[in-house]
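*Asks:* 3D model of this:
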Amino acid sequence: MEKIKVLVLCSGNSCRSQIAEGYLRHFASNKAEIYSAGVETHGVNPKVIAVMKEDGIDISSHTSNNIDEYSHINFDFVITVCDNARERCPFYPTKAKRFHQNFPDPAKATGTEEEVLAKFRKVREMIKEYCKNFAKEYLE
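*Replies:* Take a look at the predicted model:
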C-alpha cells in the first residue's frame, strides 16, 4: 500500500513549513511521506532548527525546496501555513485535499534575542498542536 503524501506549503519554506514538516513526520511515524516547500526558497532559518531541537525534533538536515520540485508528486493533502502561500499556490491537477491555517511568521519577530526566540517558540507550539491534531485525524 502506498503511503499518504502530504505537502506543507509556505511562502519561503524557511520557518513555518519547516516546523510543520518536522512535527508531521514525528506524529505520522512511518505512515506518511511529508514534504515541505515554498513558492520561493529562503533557506532553513537557524532559529527554527534551534527551537525544534529544544523540543527533541532534529530538522538540521531539512532543505528549503521550491514547489516546482514536487510537481510530479500526487499529494493526498496540501496544507498551506500562511495566507501568502494560499494566494500564490499554483494549481496542480491533483486529488489532494487542501487545508489552510495561517500562522504568524516568526522571522518577522523583533526585539532582543530572547524575545525573538520566545516568538519562535510560540509559533512552534501553535504549529505543533495543529500537526498533532492533523495527524490524529488524517494520518493514523
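
*Asks:* what's near enough to touch residue 101?
*Replies:* 79-81, 130 (Cβ atoms under 8 Å, 6 or more residues apart in numbering). Glycine gets a C-beta too; all of them are placed from N, C-alpha and C.

*Asks:* could you dump the residues you listed to a markdown table with pLDDT?
*Replies:* Output for those, formatted as a markdown table (pLDDT from 0 to 100):
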| residue | pLDDT |
| --- | --- |
| 79 | 94 |
| 80 | 91 |
| 81 | 93 |
| 130 | 98 |
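
*Asks:* Distance to residue 32, neighbour count and secondary structure added to the residues you listed, as a markdown table?
*Replies:* Formatted as a markdown table, those follow (distance: Cβ to Cβ, whole Å; neighbours: other Cβ atoms under 10 Å; DSSP: H, G, I helix; E, B strand; the rest coil):
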| residue | distance to residue 32 | neighbour count | secondary structure |
| --- | --- | --- | --- |
| 79 | 12 | 28 | strand |
| 80 | 17 | 24 | strand |
| 81 | 17 | 30 | coil |
| 130 | 15 | 19 | helix |
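
*Asks:* Quickly check those residues for the two that are furthest apart.
*Replies:* Spatial extent of the contacts of residue 101 (Cβ to Cβ) is set by the pair 80 and 130 at 12.0 Å.

*Asks:* hang on, residue 26 packs against residue 57?
*Replies:* Yes - the pair residue 26 / residue 57 is scored as a contact, 5.8 Å apart, by Cβ atoms under 8 Å.

*Asks:* Tell me the buried residues in stretch 24-40?
*Replies:* 24-28, 32-40 (16 or more other Cβ atoms under 10 Å).

*Asks:* what's the answer for stretch 55-75, then?
*Replies:* Those would be 57, 59, 62, 64-65, 67, 70, 75, for stretch 55-75 by 16+ other Cβ under 10 Å.

*Asks:* How about the backbone phi and psi for the residue nearest in space to the middle of the chain?
*Replies:* Centroid-nearest residue in the chain, with Cα atoms, centre = their mean: residue 17, separated by 2.2 Å. Backbone torsions for residue 17, taken as degrees, to the nearest 10, come to phi -70, psi -30.

*Asks:* Flag the helix or strand of this protein with the lowest per-element mean pLDDT.
*Replies:* When the helices and strands of the chain are scored by mean pLDDT, DSSP states H and E, helix 83-88 comes last with a mean of 72.
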